[in-house]
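A.B. asks: Okay, predicted coordinates and the sequence, questions at the end:
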Amino acid sequence: MLKGFFNVPAPSNEPVYSYAPGTKEKTLLEAAIQEARAQEVDIPMYIGGKEIRTDITTKLTPPHDHQHVLGYFHQGTKEHVQSAIDAALAAKSDWENLQWEQRAAIFLKAAELASTKYRYKLNAATMLGQSKNAYQAEIDAACEFTDFLRFNVAYMSEIYSQQPPANAKGVWNRVEQRPLEGFVFALTPFNFTAIAGNLPSCVAMMGNVVVWKPSNTQIYSANVLMEVFKEAGLPDGVINLIYVSGPDAGDVIFKHPDFAGIHFTGSTGVFQDIWKTIGEHIHRYKTYPRIVGETGGKDFILAHPSADLAVLNTALVRGAFEYQGQKCSAASRAYIPQSLWSSLLERMENDINSFKIGGTEDFSNFINAVIDEKAFDKITSYIERAKNSTDAEVVIGGQYDKSKGYFIHPTVILAKTPDYETLSEELFGPVLTIYVYEDAQWEETLRLVDQTSIYALTGAVIAQDRYAIEEATYALRNAAGNFYINDKCTGAVVGQQPFGGARGSGTNDKAGSMINLLRWVSPRTIKETFNPDTDYRYPFLG
């Protein structure tokens, strides 16, 4: 067994490639896309290191080209959920007893693989399976996933180094960080390959074992993530990847006595149902489960009359429409002073009408497809209601077509009342709702922004007036877990802006920080006395 206090490599953010015309990275990525489109992959579940195939398969298609088949994944049942739990628990003893630096080495190698050998395969899978353009895939699958791994290793090292600052004479106090007692369930979303990779890996990094269920619409890139973990040397059974229905997974996992926690990103409704189910079965568990979740958002951009118009326009256009608005942090409501509205509308129209819309294979397309038909139908129903409402007006966009792919033109709705539905209800798509307020009603608008939505994930203020910035920062302190000044409300970077919100947006355990990793350990305090007392009598007894 190695002995030593080891320092891990200092983490830094993975450089983002540009994919500009003529660059080497563009040529390599285009080749990876062509290779992926030229084959149909057969994607198994991974349980205890074994590839599990079943009699039931489901096809995977690009959201922007839903007649093209990328491959098939094998659907599981409740029996596979139980098998994954059994495999995780069987691997637990060896994994949690492995020296921490050995665990660190595995995930540092995974980071190296993701940023080099697998970079283009991972990006291509994200572009095809989740309809992200080259830049959005790069900052997600290649860079953010790599950043999560490297920074989390550093945070893990720092957590282990934190010890009691004081010792009484003749006493040595120590703290060890134990893995949780049982297994952890990672339930991951479609929209970020990095999140899908981080939720199971950061839990495993701290010595835990994991059952991982990704969104069906992210399985194509999840399979590549599993390739990375396996090649990095992750032992069998530490992370088990299953494709089952949510009810089947929940029915087995949330009744199991060894259930120790859930790491979740998804909708608020699903998370609340999970929390309720865990509460109903709390008497079954060996320990109180850790419940960590990042859920919905109704993210805002608030403009002050002093806002720089170009800054405001860019923040809105990028914040609302990059990745078709399918980011938890995407700007979906904006509050604009009357004095800026007409000029802003003109700028937005010019920018949005210049967008090219289409498949991710054409790098000149800024807008791609929404994730699936269910999302398409939900989003377009809101657009149609706005077109027919007396309380709203579609001022930009509003067109859509799903004949080839699930394409929705970036749409701006002008709400005539502050309680219009698209100002408060989460709508995961390329729709921005704007409410225009009178310049003199700044303070009233601050209250409106704070009180309109149940969510509190991200938000931004655009202003040149420093008094207004200070006022908004304080007034909206509970309205957003990530707050931006003169910037769009998206684009949190690991190691720079730990991400998460409160209220209806989750437990605010800040992915990309030490805060999150602390949820996946259970500390034990050890006191050793070198000269223990031998008589119960204290001096005051005389």
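C.D. replies: Ah, there it is. None of the values given here were measured: they were computed from a predicted structure.
A.B. asks: Any stretches of the protein with poor pLDDT?
C.D. replies: 1 (pLDDT under 70).
A.B. asks: Pull out the buried positions in the top helix by length along the chain.
C.D. replies: Counting by DSSP state H, the longest helix found in the chain is helix 78-97. For helix 78-97, a neighbour-count test (16 or more other C-beta atoms under 10 Å) marks 80-81, 83-89, 91-92, 95-96 as buried. Any C-beta I mention is one placed from the backbone N, CA and C, and that applies to glycine too.
A.B. asks: on contacts alone, who are the packing partners of it?
C.D. replies: strand 45-47, strand 171-179, strand 183-187, strand 209-213, strand 239-241, helix 246-253 (3 or more C-beta pairs under 8 Å, 6 or more residues apart in numbering; DSSP states H and E).
A.B. asks: will you turn the ones you listed into JSON lines that also has mean neighbour count and distance to Thr445?
C.D. replies: As requested, these are exported to JSON lines (neighbours: other C-beta atoms under 10 Å; distance: least, C-beta to C-beta, whole Å):
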{"stretch": "strand 45-47", "mean neighbour count": "25", "distance to Thr445": "50"}
{"stretch": "strand 171-179", "mean neighbour count": "14", "distance to Thr445": "45"}
{"stretch": "strand 183-187", "mean neighbour count": "27", "distance to Thr445": "37"}
{"stretch": "strand 209-213", "mean neighbour count": "29", "distance to Thr445": "41"}
{"stretch": "strand 239-241", "mean neighbour count": "28", "distance to Thr445": "46"}
{"stretch": "helix 246-253", "mean neighbour count": "18", "distance to Thr445": "39"}
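A.B. asks: I'd like these laid out as TSV, including distance to Ile56.
C.D. replies: Shown next, in TSV, are those (distance: least, C-beta to C-beta, whole Å):
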stretch	distance to Ile56
strand 45-47	12
strand 171-179	34
strand 183-187	21
strand 209-213	16
strand 239-241	17
helix 246-253	12
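A.B. asks: For Glu443, which of the ones you listed is the nearest?
C.D. replies: Closest of the helices and strands packed on helix 78-97 to Glu443 is strand 183-187, at 40.7 Å (criterion: C-beta to C-beta).
A.B. asks: Helix 78-97 and that closest one, what's the angle between them?
C.D. replies: 120 degrees (axes from the mean of the first three to the mean of the last three C-alpha atoms, to 10 degrees).
A.B. asks: Listing partners with orientation, what would you give for strand 183-187?
C.D. replies: Using DSSP bridges, strand 183-187 pairs in its sheet with strand 209-213 (parallel), strand 259-265 (parallel).
A.B. asks: And the helices and strands packed on helix 78-97: which comes nearest Ala502?
C.D. replies: Of the helices and strands packed on helix 78-97, nearest to Ala502 by C-beta to C-beta is strand 183-187, at 19.7 Å.
A.B. asks: chain center to the helix or strand just after that closest one: distance?
C.D. replies: Toward the C-terminal end, the helix or strand that comes next after strand 183-187 (DSSP states H and E) is helix 193-205. Relative to the centre of its chain, helix 193-205 is centred 10 Å away, using C-alpha atoms, centre = their mean, to the nearest Å.
A.B. asks: before we move on, the earlier item: closest to Pro164 out of the helices and strands packed on helix 78-97?
C.D. replies: Nearest of those (C-beta to C-beta): strand 171-179, 4.1 Å.
A.B. asks: hang on, the earlier thing: distance to Thr534 for the strands paired with strand 183-187 - can I get that in TSV?
C.D. replies: Converted to TSV, the strands paired with strand 183-187 look like this (distance: least, C-beta to C-beta, whole Å):
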stretch	distance to Thr534
strand 209-213	44
strand 259-265	41
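A.B. asks: related to what we said a few turns ago, what would the longest helix of the chain look like as PDB? C-alpha coordinates only.
C.D. replies: The C-alpha trace of helix 78-97 is given here as PDB (Å, rounded to 0.1, in the frame of the first residue of the first chain):
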ATOM      1  CA  LYS A  78     -37.300  -4.300 -13.100                       C
ATOM      2  CA  GLU A  79     -35.100  -7.400 -13.000                       C
ATOM      3  CA  HIS A  80     -32.300  -5.400 -14.600                       C
ATOM      4  CA  VAL A  81     -32.700  -2.700 -12.000                       C
ATOM      5  CA  GLN A  82     -32.300  -5.300  -9.300                       C
ATOM      6  CA  SER A  83     -29.300  -6.800 -11.000                       C
ATOM      7  CA  ALA A  84     -27.700  -3.400 -11.300                       C
ATOM      8  CA  ILE A  85     -28.200  -2.800  -7.600                       C
ATOM      9  CA  ASP A  86     -26.700  -6.200  -6.800                       C
ATOM     10  CA  ALA A  87     -23.700  -5.600  -9.000                       C
ATOM     11  CA  ALA A  88     -23.100  -2.200  -7.300                       C
ATOM     12  CA  LEU A  89     -23.300  -3.600  -3.800                       C
ATOM     13  CA  ALA A  90     -21.000  -6.500  -4.800                       C
ATOM     14  CA  ALA A  91     -18.400  -4.000  -6.000                       C
ATOM     15  CA  LYS A  92     -18.800  -1.700  -3.000                       C
ATOM     16  CA  SER A  93     -16.300  -3.200  -0.600                       C
ATOM     17  CA  ASP A  94     -13.300  -3.300  -3.000                       C
ATOM     18  CA  TRP A  95     -14.100   0.200  -4.400                       C
ATOM     19  CA  GLU A  96     -14.500   2.100  -1.200                       C
ATOM     20  CA  ASN A  97     -11.400   0.500   0.200                       C
END
